[in-house]
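what's the 3D shape of this:
(chains A and B)
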Amino acid sequence: NAGVTQTPKFQVLKTGQSMTLQCAQDMNHNSMYWYRQDPGMGLRLIYYSASEGTTDKGEVPNGYNVSRLNKREFSLRLESAAPSQTSVYFCASRQGATNEKLFFGSGTQLSVL
Amino acid sequence: GENVEQHPSTLSVQEGDSAVIKCTYSDSASNYFPWYKQELGKRPQLIIDIRSNVGEKKDQRIAVTLNKTAKHFSLHITETQPEDSAVYFCAARLSGNTPLVFGKGTRLSVIA
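Next up, the predicted model:
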């Protein structure tokens, strides 16, 4: 099992460019999440999908969109990147009500110039 | 919504000493409190968790205590080792499918 796989690992964008961060899990988890991590700010939730077919906003959703493509995949899209979106992005998944443990991907380091 | 405060933001201890990190939460309905450890350049990983029907939980050198009345919980690491150096995050969650809310993290440095 690979667990939670995120691509790419690193990305540099210019202001205004768009990109999609990909996330896939092979643990048959129901819930998936996107967090961003900034120095001194902890892990802040951008969007989440409690189950296949549903998505909800988190604490910092502005400037992002998500797609729960199927049970395995949950992508995060930046339509028009801004320097304030420079961050490390983590995807995570959780089995659901019977298992609380959150499994994280290895992260994407994104720089917007 | 839930708000989690974590203190201190940085902590330095001598190897072999104990370390304590404290968190408070705002929503008395929260019932699940995990702790995650993130080593430099790595992903966060769950190290211990506690539910609201338990006051204390231990796993070797780490323990978590919960005071529901005061709405705070703490991570205790005894006999610290250099490999304990990392950023530690507390979190809280309501029941059901609500997502975790994380504290801002504590950078622990264990000095050999």
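
Can you report how many residues lie near residue 108?
Because you didn't say which chain, this covers chain A. Neighbourhood size, residue A:108 [other CB atoms under 10 Å in any protein chain shown]: 22. Heads up, the C-betas are built off the backbone N, CA and C, glycines and all.

Can you look at chain B instead?
Residue B:108 has 21 neighbours, counted by other CB under 10 Å.

ditto for residue A:28
10.

ditto for residue B:51
12.

who's the residue most central in space within chain A bridged to?
Central residue of chain A (CA atoms, centre = their mean): residue A:34, 2.9 Å from the mean position. When assigned by DSSP bridges, residue A:34 has beta-bridge partners residue A:47, residue A:91.

any idea how far residue A:109 is from chain B?
Counting by CB to the nearest CB, to the nearest Å, the gap from residue A:109 to chain B is 10 Å.

any idea what sits nearest residue B:68, other than its immediate chain neighbours?
If the residues on either side of it in the chain are set aside, residue B:68 comes closest to residue B:52, at 5.9 Å by CB to CB, 6 or more residues apart in numbering or on different chains.

hang on, the earlier thing: any idea how far the residue nearest to the centre of chain A is from residue A:99?
Noted for residue A:34: a distance of 20 Å to residue A:99, by CB to CB, to the nearest Å.

circling back to that earlier point, so the residue nearest to the centre of chain A touches residue A:43, yeah?
No. When contacts are counted by CB atoms under 8 Å, residue A:34 is not listed as touching residue A:43 (10.4 Å).

Show me the common contact partners of the two, please.
When contacts are counted by CB atoms under 8 Å, 6 or more residues apart in numbering or on different chains, residue A:34 and residue A:43 are jointly contacted by residue A:90.

do the worst-scoring helix or strand of chain A on mean pLDDT and chain B meet at all?
Sorting the helices and strands of chain A by mean pLDDT, DSSP states H and E puts strand A:99-104 at the bottom, at a mean of 91. Yes. Residues of strand A:99-104 contacting chain B under CB under 8 Å from any CB of the partner chain: A:100, A:101, A:102, A:104.
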